[in-house]
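Undergrad: Requesting a structural model of the entry that follows:
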Amino acid sequence: MTGWLSRLLGALDRVLSTALGAMLMCIFSLNLYQVGGRYLFGVGAVWIPDLTRLLFIWMVFLGTALVHQRKRHLVIDVLLLKCPEPARRTIEALIALGMLGLAGVMVAVGWRIMQIRMDIPYTGLEIPTGYAYLAVPVAAALIALSSLVSLWAWTRASKRRVDAGAR
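TA: Numbers count the residues shown, from 1 in each chain. Here you go, the predicted model:
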């Protein structure tokens, strides 16, 4: 992988990790405030459930993009590990192509649903619910980026193997 691409993915990893940690702490703090307010004072803020829901949705989708980038997502690789190395690399490239296609569909459909939901507000926050649905195309675009990086690395490795075999 080239230096600039490595730095870009490293920066993206740090930004996503930090954002996810901040979202989790925010959700925890808001729920603590809500529960404390209800039990101690008998009142709760009407906007907290909507905000925690919004943050949770973003946390799930951005977390999905992060584990995909780190290649830490759940996979069934029993057959893949039994394949010889050239076949394994080819299968991994096909998987990256499939993920790229799926991410493309998620971007298109997620964007369309987000546009529809922009007319429907959260009751407690008075902002469009489309902001929650925006998490789908954003995460899908990040998944597409990491799939493209995987394909790029596979292409460069294949070219190096061909060049080494020609010598």
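
Undergrad: Please report how far the closest residue to L142 other than its chain neighbours lies from P49.
TA: For L142, ignoring the flanking residues on the chain, the nearest one in space by C-beta to C-beta, 6 or more residues apart in numbering is A65 at 3.7 Å. Every residue, glycine included, has its C-beta placed from N, CA and C. A65 sits 25 Å away from P49, going by C-beta to C-beta, to the nearest Å.

Undergrad: And the two? Which one has more around it.
TA: Taking other C-beta atoms under 10 Å, A65 and P49 do not tie; A65 has more neighbours (23 against 17).

Undergrad: in which helix or strand would I find the more buried one?
TA: helix 48-70 (DSSP states H and E).

Undergrad: How many residues are close by the closest residue to M114 other than its chain neighbours?
TA: Excluding the flanking residues, the one nearest M114 by C-beta to C-beta, 6+ apart is Y133, at 4.0 Å. Look at Y133: counted by other C-beta under 10 Å, it has 21 neighbours.

Undergrad: any low-confidence regions in the chain?
TA: Low-confidence segments of the chain (pLDDT under 70): 1-2, 162, 165-167.

Undergrad: follow-up on the earlier one: if I look at the residue nearest to M114, how far off is L54?
TA: Separation of Y133 from L54 (C-beta to C-beta): 10 Å.

Undergrad: circling back: now for the residue nearest to L142: which residues touch it?
TA: Neighbour list for A65: 16, 138-140, 142-143, 146 [criterion: C-beta atoms under 8 Å, 6 or more residues apart in numbering].

Undergrad: which of the residues you listed count as buried?
TA: Listed as buried from these are 16, 138-140, 142-143, 146; burial here means 16 or more other C-beta atoms under 10 Å.

Undergrad: so how far is L8 from V67?
TA: On the measure of C-beta to C-beta, V67 and L8 end up 18 Å apart.

Undergrad: So which of the contacts of A65 are in helices?
TA: Using DSSP state H, the members of the contacts of A65 that fall in helices are 16, 138-140, 142-143, 146.

Undergrad: how about those residues in TSV, adding distance to W58?
TA: Listed next are the ones in helices among the contacts of A65 as TSV, based on distance: C-beta to C-beta, whole Å:
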residue	distance to W58
L16	11
V138	8
A139	9
A140	13
L142	12
I143	15
S146	18
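
Undergrad: Ignoring the adjacent residues along the chain, who's closest to Q34?
TA: I48 (4.6 Å).
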